[in-house]
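# For reference, the sequence and a predicted model appear below.
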Amino acid sequence: MVFNILTLFPGMVEAGLNTSILGRAAEKGLIRINAVDIRDFTENRHRRVDDYTYGGGAGMLMQAQPVYDAFLAAAGGRKHRVIYLTPQGRLFTQEYAAELAAEDEITLVCGHYEGIDERALEAMNAEPVSIGDYVLTGGELPAMVLVDAVSRLIPGVLGNHESADTESFGNGLLEYPQYSRPEEWMGMRVPEILLSGDHARVDAWRLEQSLLRTKERRPDLYEKYITEHPEEKAGKRAGNRKNTKKTHTGLQ
Ligand code: SAM
């Protein structure tokens with residue numbers, strides 16, 4: 001999958017996306033990050049890409065021409081989804097990430113200052129996407145968030161593909177608590193059920209823990225899940241809030 005990233009800071013996205021799992025995915029040819037410097041396309045002799053906004057008000061705006069010319073150079077002519085990272089966009093979720101993971105190529109447009117001239121966004125037919133209800137200084141971090149979340153859903157990017165399915169949001173719930181060695185640490189023991197080797201009981205415990213955790217931390221997600229799976233209300237299954245002093249339940 002090719003990610004064209006139109007940005008004023010190509011070094012930032014390249015450095016951020018070139019390490020660890022995504023770096024390996026790029027080496028294997030599963031993803032390609034094509035960071036394009038918008039400033040290279042300005043016709044301004046001082047390499048400026050921003051100007052005052054019509055109508056007045058504080059702040060500068062990225063001009064349409066360099067952004068649109070960078071887009072044409074990177075991906076113009078190819079039919080594909082173009083995304084403008086903006087706090088005014090559709091909220092980016094795991095479901096949205098899965099939708100994008102089915103694409104072969106997407107172009108991500110990073111704004112700065114007050115954002116980008118509306119006409120360039122319209123000319124690129126850019127869909128607005130937000131990573132949350134807060135305002136950042138630029139679209140680079142949101143673009144990296146999106147590339148990371150989408151890339152790890154591409155088959156082969158994660159060592160064990162199954163791990164993406166069982167994670168938080170995969171089934172509409174938050175993931176259950178997890179433990180590694182040693183069995184006891186700082187007086188806290190791993191829940192006995194996880195040491196039992198009884199896979200059916202472990203699965204039931206994990207589902208119950210997912211339900212309890214989701215109910216506690218994300219009641220909005222819990223309500224949605226329970227409406228679709230009324231038989232699975234939290235508290236009906238093995239494992240619950242009861243805790244012996246020495247066994248950790250993950251529910252503290
Ligand atoms: N004037 C804009 C507004 O009020 O909606 C905010 C511009 S923001 C300071 C500069 C750039 O950061 C935006 O053009 C966008 O690319 C990026 N950005 C900031 N917050 C974001 C968010 N929550 N999601 C996605 N992109 C964001």
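Structure received. Numbers count the residues shown, from 1 in each chain.
# tell me the mean pLDDT for the host helix or strand of residue 211?
Applying DSSP states H and E as the criterion places residue 211 in helix 199-217. If you average the pLDDT over helix 199-217, you get 98.
# What segments of the stretch 51-200 of the chain are strands?
Applying DSSP state E, counting those that start in this stretch to the stretch 51-200 of the chain gives strands spanning 60-62, 81-91, 105-110, 127-130, 184-185, 188-189.
# And the helix holding residue 211, how far out from the chain middle?
Mean-position distance between helix 199-217 and its chain equals 24 Å (C-alpha atoms, centre = their mean, to the nearest Å).
# Stretch 129-147 too?
Stretch 129-147 has its C-alpha centroid displaced from the chain centroid by 9 Å (C-alpha atoms, centre = their mean).
# Can you give me the buried ones in it?
Using 16 or more other C-beta atoms under 10 Å as the test for burial, stretch 129-147 gives 129-131, 138-147. Where C-beta positions appear, they are placed from N, C-alpha and C, glycine not excepted.
# swap in stretch 148-168?
Those buried within stretch 148-168 under the rule 16+ other C-beta under 10 Å are 149, 150, 151, 152, 153, 154, 157, 158, 164, 168.
# Surely the third one is in contact with residue 157?
Yes - A contact is recorded between residue 151 and residue 157 when judged using C-beta atoms under 8 Å, the distance being 5.4 Å.
# Who are the contact partners of whatever residue of the chain ends up closest to the ligand?
Ranked by C-beta to the nearest ligand atom, the top residue of the chain for proximity to the ligand is residue 111, at 2.1 Å. Counting by C-beta atoms under 8 Å, 6 or more residues apart in numbering, residue 111 makes contact with 62, 84, 85, 86, 138, 139.
# and the residue nearest to the second one when sequence neighbours are not counted, what does it touch?
Take residue 84 and drop its neighbours on the chain: the residue closest to it by C-beta to C-beta, 6 or more residues apart in numbering is residue 126, 4.0 Å away. Applying C-beta under 8 Å, 6+ apart, one finds that residue 126 lies in contact with 82, 83, 84, 109.
# With neighbour count as added columns, please give the residues you listed in a markdown table.
Below are those laid out as a markdown table (neighbours: other C-beta atoms under 10 Å):
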| residue | neighbour count |
| --- | --- |
| 82 | 20 |
| 83 | 25 |
| 84 | 24 |
| 109 | 30 |
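# Show me which residues of the stretch 51-200 of the chain are close to the ligand?
Residues of the stretch 51-200 of the chain lying close to the ligand by C-beta under 6 Å from any ligand atom are 85-88, 110-112, 114-115, 130-132, 134-139, 142.
# Recalculate using a threshold of 8 Å.
Residues of the stretch 51-200 of the chain lying close to the ligand by C-beta under 8 Å from any ligand atom are 59, 62, 84-89, 92, 109-116, 129-139, 141-142.
# how far does stretch 39-48 stretch from start to finish?
Separation of the first and last residues of stretch 39-48 by C-alpha to C-alpha, to the nearest Å is 7 Å.
# buried residues in that stretch?
Buried-residue list, stretch 39-48, by 16+ other C-beta under 10 Å: 39, 41, 42.
# Identify, from those residues, the entry nearest to residue 217.
residue 39 (42.5 Å; C-beta to C-beta).
# Is it correct that the closest one is in contact with residue 47?
Yes - in this structure residue 39 lies within contact range of residue 47 using C-beta under 8 Å: 5.5 Å.
# what's the offset of stretch 36-46 from the middle of its chain?
29 Å.
# I'd guessed residue 225 sits against residue 174; true?
No - proximity of residue 225 to residue 174 does not meet the contact threshold set by C-beta under 8 Å, at 10.0 Å.
# tell me, how many neighbours does residue 229 end up with?
By other C-beta atoms under 10 Å, 14 other residues sit near residue 229.
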